[in-house]
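>>> model this:
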Amino acid sequence: MNSVQLAINTMWETTRNCFMLVCISNKTENEKNKDLGVIQNNFICDTKTGTIREAKFSFGGLHELIIDQTNLGPVCMFRSFDFKDGKALTTPVYYVDNET
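Down below sits the predicted model:
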């Protein structure tokens, strides 16, 4: 991967010294996460070890269609959206364990 630029949309502490970074990036199709098959724009920053890694969860085909995210303590909630023919579709809400 060459140079990646990130804009942090929101961030919260998931566990002590670890932060969830929900970002928008300039990653391209060539930089998809091989295990998840998506462009991962969610990261875990561990300040104790000084590392940043991609989060280990995926939203399947709706990965780029997240409209809102909220920290709910031990879990975080991601609301997705999609549309067809100009009409909103019913889409899932994802709850992710903050230690993921």
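>>> so how far is the helix or strand of the chain with the lowest mean pLDDT off the chain centroid?
Sorting the helices and strands of the chain by mean pLDDT, DSSP states H and E puts strand 66-71 at the bottom, at a mean of 84. The chain centroid and the centroid of strand 66-71 are separated by 9 Å under C-alpha atoms, centre = their mean, to the nearest Å.
>>> tell me which other helices or strands the following helix or strand past it touches.
Going down the chain from strand 66-71, the next helix or strand is strand 75-80, by DSSP states H and E. Strand 75-80 is packed against strand 66-71, strand 93-97, with contacts defined by 3 or more C-beta pairs under 8 Å, 6 or more residues apart in numbering; DSSP states H and E. Any C-beta I mention is one placed from the backbone N, CA and C, and that applies to glycine too.
>>> what's the closest non-adjacent residue to the residue nearest the centre of the chain?
By C-alpha atoms, centre = their mean, the chain has its centre lying nearest to Asn42, at 3.1 Å. Of all residues not flanking Asn42 in the chain, Ala55 sits nearest, at 4.0 Å (C-beta to C-beta, 6 or more residues apart in numbering).
>>> for that neighbour, grab phi and psi.
Phi and psi for Ala55, reported as degrees, to the nearest 10, are phi -70, psi 160.
>>> and what of Glu29?
Torsion angles, degrees, to the nearest 10, at Glu29: phi -60, psi -30.
>>> just list the residues touching Lys48, thanks.
Asn17, Cys18 (C-beta atoms under 8 Å, 6 or more residues apart in numbering).
>>> cool, Ala55 as well?
The contact partners of Ala55, taken as C-beta under 8 Å, 6+ apart, are Met20, Gln40, Asn42, Phe43, Ile44, Val96, Thr100.
>>> can I have the buried ones of these as a PyMOL selection?
Here is the PyMOL command that selects the buried residues among the contacts of Ala55 (16 or more other C-beta atoms under 10 Å):
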select buried, resi 20+40+42+43+44+96
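>>> in strands, which of the contacts of Ala55 appear?
The strands, defined by DSSP state E, take in Met20, Asn42, Phe43, Ile44, Val96 from the contacts of Ala55.
>>> ok, those vs Phe83, which is closest?
Proximity to Phe83 was ranked across the ones in strands among the contacts of Ala55 by C-beta to C-beta; first place goes to Asn42, at 22.6 Å.
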